[in-house]
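Undergrad: when you get a sec, could you give me coordinates for this:
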Amino acid sequence: MDKVLVLGATGGIGGEVARQLAAGGWQVIALTRDVEKARRQSGDFIWVQGDAINRADVLAAASGCSVIVHGVNPPGYRRWAELVLPMIDNSIAAAIAEGATIVLPGTVYNYGPDAFPLVDEDAPQHPQTRKGAIRVEMERRLLDASQHGARVLIVRAGDFFGARAANSWFSQGLVKPGKPVGTVSYPGAPGVAHQWAYLPDVARTMVQLLERREGLPPFARFHLAGHVDADGTQMVEAIRRVVARRTGPQPRVGNFPWWLLKMAAPFVVTFRELQEMRYLWQTPLLLNNHRLLQTLGNEPHTPLDEAVEATLVGMGNLPLLHDPAQNGTNRIKAPTTR
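TA: Coordinates of the predicted model:
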């Protein structure tokens, strides 16, 4: 049985990858600071007490693992400069010690306008933000690690959304979790394309690539197309369609309060960091998935309305919809491919 260490298994992408790996027969070791709380969340993993910032904890948890999923980030964008690089260094040390593959969920923060609008894996990385510079440095360290016994798999994607994607633009910008959706706020400029990635599709892509890891380069990078909102209206309209179908009234569309973020940025770290990323809503940036299609043949892809409905149910905006024919399970389907 393949054995994998997941850092960030209580979070969005880390948890989704862990669940899909466990369903595929992997033995999942999950590092967490609060084992009892984590066990209540999922009994499918072997939870181990520890912290990703503590190298000894990571090295011990990674013993015997052939894969390390580095799905951990400081919550709410806080303390990035202080924590992000030491945490990736710990994963690198463990991967080199075990001869393991590190899986990193990548972002578009690495790129500046010189790489826009259609970006492939080898595009120049000239970030405009502090978080982007940190991401570039993370990948530089991973490249070095791939030359010293570790293997690396990076999957870059657009903005995450999904039932458990708590720290996301969808859940922090477009709608308010836990409440009926009366208004959808959209942060983008009119007519500007934006790229979204549904967490189960991202995780399924990573799992399929891991199944082929021995045939991949030691430092492998792939881009996910996900859901491309070509003019900035399609995600909003999908939310409105789903809510109207489920509840009757259709939500109205409102403007995202960038002015409020600007005013509060000096006092609220999360608002300051969100403000820094505004350029990604004003300029089209699309990830080219040609390399992924060449490798997998297709990209896991859940239809937009299905993905939006599952997300809103998971966030508490819509009640869980049961189908007696399926023994009371949620009727939302598994991802298809394209």
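Undergrad: so what's the residue count around residue 91?
TA: For residue 91, the count of nearby residues is 29 (other Cβ atoms under 10 Å). Every residue, glycine included, has its C-beta placed from N, CA and C.
Undergrad: give the contact list for it.
TA: The neighbours of residue 91, taking Cβ atoms under 8 Å, 6 or more residues apart in numbering as the test, are 7, 52, 58, 68, 70, 102.
Undergrad: which helix or strand contains it?
TA: helix 80-98 (DSSP states H and E).
Undergrad: give me the buried positions along stretch 128-146.
TA: Buried residues in stretch 128-146, counting neighbours by 16 or more other Cβ atoms under 10 Å, are found at 128-129, 131-136, 138-139, 141-142, 145-146.
Undergrad: please apply the same query to stretch 171-189.
TA: Applying 16+ other Cβ under 10 Å to stretch 171-189 flags 171, 172, 173, 174, 175, 176, 181, 184, 185, 186, 187, 188 as buried.
Undergrad: and the contacts of residue 91, which are buried?
TA: Buried among the contacts of residue 91 (16+ other Cβ under 10 Å): 7, 52, 58, 68, 70, 102.
Undergrad: can you give me the distance of the nearest residue to residue 250 once chain neighbours are set aside to residue 184?
TA: Nearest residue to residue 250, sequence neighbours excluded (Cβ to Cβ, 6 or more residues apart in numbering): residue 244, at 4.0 Å. Using Cβ to Cβ, to the nearest Å, residue 244 is found at 11 Å from residue 184.
Undergrad: on that earlier part again, out of the buried residues of stretch 128-146, which is nearest to residue 93?
TA: Comparing these against residue 93 with Cβ to Cβ places residue 145 closest, at 8.8 Å.
Undergrad: the residue nearest to that closest one when sequence neighbours are not counted - how many residues pack around it?
TA: Spatially, and ignoring its direct neighbours in sequence, residue 145 is nearest to residue 92 (4.4 Å; Cβ to Cβ, 6+ apart). Residues lying near residue 92 (other Cβ under 10 Å) number 24.
Undergrad: and residue 92, what's its pLDDT?
TA: Residue 92 is assigned 98 on the pLDDT scale.
Undergrad: cool, and residue 23?
TA: Note for residue 23: predicted pLDDT of 96.
Undergrad: residue 76 too?
TA: We have a pLDDT of 62 for residue 76.
Undergrad: next one: residue 324
TA: Looking at residue 324, its pLDDT is 42.
Undergrad: kindly report the same for residue 40.
TA: Looking at residue 40, its pLDDT is 88.
Undergrad: related to what we said a few turns ago, closest to residue 108 out of the buried ones among the contacts of residue 91?
TA: Among the buried ones among the contacts of residue 91, and counting by Cβ to Cβ, the member closest to residue 108 is residue 70, at 17.6 Å.
Undergrad: for that closest one, which residues make a bridge with it?
TA: Residue 70 forms beta bridges with residue 7, as assigned by DSSP bridges.
Undergrad: next up, the contacts around it.
TA: Contacts of residue 70 were listed using Cβ under 8 Å, 6+ apart, and they are 7, 8, 87, 88, 91, 102, 103, 104, 105.
Undergrad: you'd agree the residue nearest to residue 250 is in a helix?
TA: Yes. Judged by DSSP: H, G, I helix; E, B strand; the rest coil, residue 244 forms part of a helix.
Undergrad: quick check: the gap between it and residue 308.
TA: For residue 244, the distance to residue 308 - Cβ to Cβ - is 12 Å.
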